[in-house]
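Participant: Fold the following, please.
(chains A and B)
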Number of protein chains: 2
Amino acid sequence: MKNILIASTSTLANEGFLDYLLPELQLHFKNCATILFIPYARPGGISHEEYTNSVALAFAKINKKVTGIHEFEDAAQAIKRAEGIFTGGGNTFVLVSQLHKNNVMGILSQVIKDGTPYLGTSAGSNICGLTMQTTNDMPIVYPPSFQTLGVVPFNLNPHYLDPDTNSKHMGETRETRINEFHAFNSVPVIGLREGSWLDVKGDKITLKGNLTARLFRQNQTPEELESGTDLSFIK
Amino acid sequence: MKNILIASTSTLANEGFLDYLLPELQLHFKNCATILFIPYARPGGISHEEYTNSVALAFAKINKKVTGIHEFEDAAQAIKRAEGIFTGGGNTFVLVSQLHKNNVMGILSQVIKDGTPYLGTSAGSNICGLTMQTTNDMPIVYPPSFQTLGVVPFNLNPHYLDPDTNSKHMGETRETRINEFHAFNSVPVIGLREGSWLDVKGDKITLKGNLTARLFRQNQTPEELESGTDLSFIK
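Facilitator: Residues are numbered from 1 along each chain as shown, chains lettered A, B, ... in the order given. Have a look, this model is predicted:
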C-alpha cells in the first residue's frame, strides 16, 4: 500500500529545515530506524555529502539515522533495501537527470508503489507526478527524459505562488504557465502552496496543512481545494 | 555584419505590444518592407495565425508587412530569403522544439551572423544565447536539444527580476537560479530587465534602455552594467 508524503517545501519562512513536518514524519517513518536520502537535486550545486549531512541533522531530532544514496555502490539495491526514502529539493532537472542516468527511476517508483514510506519536498515532490513538466526550475542540465515516478496520477507544482496583483512585471504568472502546459498536455496539475502537503495512503490522497491547494485541469476553470479533501477523484 | 536587437520583453506594463521599441524598430528594419515572423513560441498556446496577426498590427504602425514562417512550405528558404526576422515570446521550450524539428536552428543562426536584421523578444531573445538553459519558462514540451542560435557568446535571462526582499516565499529567486546554472555551466549570463535590450552591430554589443542589466559569471560576484555599456568583453 502506497505511503507517501508530497510536500510543497522543506522549509517555511523563519523556520528550520523540515521543522513544520517533523511531527508528521515521526508517524510517517515510525517503522524506520534509517532513512535513505536522495540528495541528487543538489540545491545551489552543493555536494551530495553536504546535503546529506544537513538532512541527517534534521532527522536526528526524531531519532532517525540518514544515509545518502551516493554512499552505496549499487543505488538500485540501496532503494530496494531502504526502510524509508526521502528525496529533497533543489533543481528538478538535475534530480531527474541523475535518477535516469543511474537507472533508478523505475525501481524507485516500484518500491514506493509497493509501500516503502516516501517523503518528497519540492523537487522530490515534483517527481511524484507523471512528468516533471510543471517544475519551476531552470533547465540547467538536459535530462534524458521528462518522465518521473508517476506514483500519483497527476503533476505537481510545488511552491505554488498566487499572482501578485500589484506587480507590473510582464513575465508569466504561475497560473499562466500552468495554463500554457495545458495547451500542450492533458495531465491535471496540483498547485501546492508552501505549508501544504499530500498524504497518500493506498489510493487515498488527502490534502494536509492549513492552506487550500489549486487544481488545474485542461479546458476547465481552476478550483481551490480545501485542506482535508480527498483528491483521489483527480485522474 | 550582425544586426540584432535582443529585448527583454515585447511589452511594458500599460503599453501596447512593441510600443516602446517602435522608434528603434523603424531604424533597425529600415531596409525591410516585409518582416518574417517566427510565431513558434505560441504564448498561452495561441495559434501561429493568431500570433502573426497581432504582430502584423503592431508592425503596421511603422508600415512594415509581416508574414508568418508557418505560411511557407519551406521554412529554411523563408529564412534565407527574409529581409528581416522577428521571433516573438511565449514558451522557450515550445519555440526551441519547433526550430529543431523544422531543422532551421542552424540556418537561422547563419543568416543572423551574415547580417539579416533580427529582433528577438523574451523567448525570441533567449534563443540568441548559446543555450536556452537560463529561460524562466516551464518545460511543457521536451525539446530534442537545449542548444540555441549562439549569435552572442553568452546566455540571456529575459524578464530579469530582482529578489523581493519582503517575500516569505521559499522558492528560489532568479539570482539563486542563475547561480545554480553556474554550478553546472560556465557560460556567462545577462539578466535583462523589462525595458532593456541589447543592440548588436557586428562584434559590438551595447546595452540600451534606461535600466542597468545584471551580469553573472561563474565563481564571480554579479555585476550591474550601466546602459550604454559595450558588452563585447563578455566571453
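Participant: center of chain A, which residue is that?
Facilitator: Against the mean C-alpha coordinate of chain A, by CA atoms, centre = their mean, the closest residue is residue A:125 at 0.7 Å.
Participant: pLDDT value on it, please?
Facilitator: At residue A:125, the model reports a pLDDT of 98.
Participant: Follow the chain on from the strand or helix carrying it and name the next helix or strand.
Facilitator: Assigned by DSSP states H and E, residue A:125 belongs to helix A:123-126. Along the chain past helix A:123-126, the next helix or strand (assigned with DSSP H and E) turns out to be strand A:155-157.
Participant: hmm, who's touching that following strand?
Facilitator: Contacts to strand A:155-157, defined as CB atoms under 8 Å, 6 or more residues apart in numbering or on different chains, come from residues A:6, A:125-126, A:128-131, A:133-136, A:174, A:178, A:181, A:187-192. All C-beta spots, glycine's among them, are computed from the backbone N, C-alpha and C.
Participant: what comes up buried for that strand?
Facilitator: Buried residues in strand A:155-157, counted by 16 or more other CB atoms under 10 Å in any protein chain shown: A:155, A:156, A:157.
Participant: in chain A, which spans are strands?
Facilitator: In chain A, strands defined by DSSP state E lie at A:3-7, A:34-38, A:65-68, A:85-87, A:118-121, A:155-157, A:189-191, A:197-201, A:204-208, A:213-216, A:223-225, listed in chain order.
Participant: closest one to residue B:234 among these?
Facilitator: Of all the strands of chain A, it is strand A:155-157 that lies closest to residue B:234, at 34.0 Å by CB to CB.
Participant: Give the rounded mean pLDDT of the closest one.
Facilitator: Average pLDDT, strand A:155-157: 98.
Participant: Sheet partners, orientation included, of it?
Facilitator: Listed by DSSP bridges, the sheet partners of strand A:155-157 and their directions read strand A:189-191 (parallel).
Participant: Just the residues contacting the partner strand, thanks.
Facilitator: So strand A:189-191 is in contact with A:134, A:154-157, A:160, A:174-175, A:178, A:181-182, A:198, A:213-217, A:222, A:225, A:231, A:234, going by CB under 8 Å, 6+ apart.
Participant: One more pass at 10 Å, please.
Facilitator: For strand A:189-191, the surrounding residues in contact (CB atoms under 10 Å, 6 or more residues apart in numbering or on different chains) are A:6, A:8, A:125, A:129, A:133-134, A:152, A:154-162, A:174-175, A:177-179, A:181-182, A:196, A:198, A:205, A:207, A:212-218, A:222, A:224-225, A:231, A:234.
Participant: OK, contacts around the residue nearest to residue A:200 when sequence neighbours are not counted?
Facilitator: Spatial nearest neighbour of residue A:200, chain neighbours left out: residue A:4 (3.9 Å); criterion: CB to CB, 6 or more residues apart in numbering or on different chains. Residue A:4 makes contacts with A:28, A:85, A:112-113, A:115-120, A:125, A:128, A:149, A:151-152, A:197-201, A:205, as judged by CB under 10 Å, 6+ apart.
Participant: Residue A:70 now?
Facilitator: By CB under 10 Å, 6+ apart, the residues touching residue A:70 are A:37, A:38, A:39, A:40, A:47, A:48, A:49, A:51, A:52, A:78, A:98, A:102.
Participant: out of those residues, which are inside helices?
Facilitator: Counting by DSSP state H, the contacts of residue A:70 place A:48, A:49, A:51, A:52, A:78, A:98 in helices.
Participant: Any of these buried? List them.
Facilitator: By 16+ other CB under 10 Å, the ones in helices among the contacts of residue A:70 give A:48, A:51, A:52, A:78, A:98 as buried.
Participant: my read: the fourth one touches residue A:35, true?
Facilitator: Which is residue A:78. No - between residue A:78 and residue A:35 there is no contact, the gap being 11.6 Å when judged by CB atoms under 10 Å.
Participant: Who's the closest spatial neighbour of the residue in chain A sticking out farthest from the centre, skipping the chain neighbours?
Facilitator: Counting by CA atoms, centre = their mean, the extreme residue of chain A relative to its mean C-alpha position is residue A:168, 30.9 Å from that point. Taking CB to CB, 6+ apart, and ignoring the residues beside it in sequence, residue A:168 has residue B:13 as its nearest neighbour in space, at 3.7 Å.
Participant: can you tell me which residues contact the one you found?
Facilitator: Residue B:13 makes contact with A:167, A:168, A:169, A:170, B:194, B:195, according to CB under 10 Å, 6+ apart.
Participant: Residue A:163 is in contact with residue A:171, isn't it?
Facilitator: No - with contact defined as CB under 10 Å, residue A:163 does not count as touching residue A:171 (11.1 Å).
Participant: what's the closest of the buried residues of strand A:155-157 to chain B?
Facilitator: When the buried residues of strand A:155-157 are compared for distance to chain B (CB to the nearest CB), residue A:157 comes out closest, at 8.8 Å.
Participant: quick one: contacts for the closest residue to residue A:159 other than its chain neighbours?
Facilitator: Distance criterion CB to CB, 6+ apart; nearest residue to residue A:159, sequence neighbours excluded, is residue B:171 at 3.8 Å. For residue B:171, the contacting residues are A:8-9, A:89, A:122, A:136-137, A:158-161, A:174, A:194, B:177, by CB under 10 Å, 6+ apart.
Participant: Just list whatever residues bridge to residue A:66.
Facilitator: As for beta bridges, residue A:66 partners with residue A:35 under DSSP bridges.
Participant: Quick check, pLDDT for it.
Facilitator: We note a pLDDT of 98 for residue A:66 in this prediction.
Participant: My read is that it contacts residue A:82, right?
Facilitator: No - with contacts defined as CB under 10 Å, residue A:66 does not count as touching residue A:82, sitting 11.1 Å away.
Participant: Now the common contact residues for those two.
Facilitator: With contacts defined as CB under 10 Å, 6+ apart, the residues adjacent to both residue A:66 and residue A:82 are A:34, A:35, A:36, A:37.
Participant: Highest neighbour count among the residues you listed?
Facilitator: In terms of neighbours by other CB atoms under 10 Å in any protein chain shown, the shared contacts of residue A:66 and residue A:82 top out with residue A:37 at 28 neighbours.
Participant: Quick check: that one touching residue A:71?
Facilitator: Yes - with contact defined as CB under 10 Å, residue A:37 reaches residue A:71; the gap is 9.5 Å.
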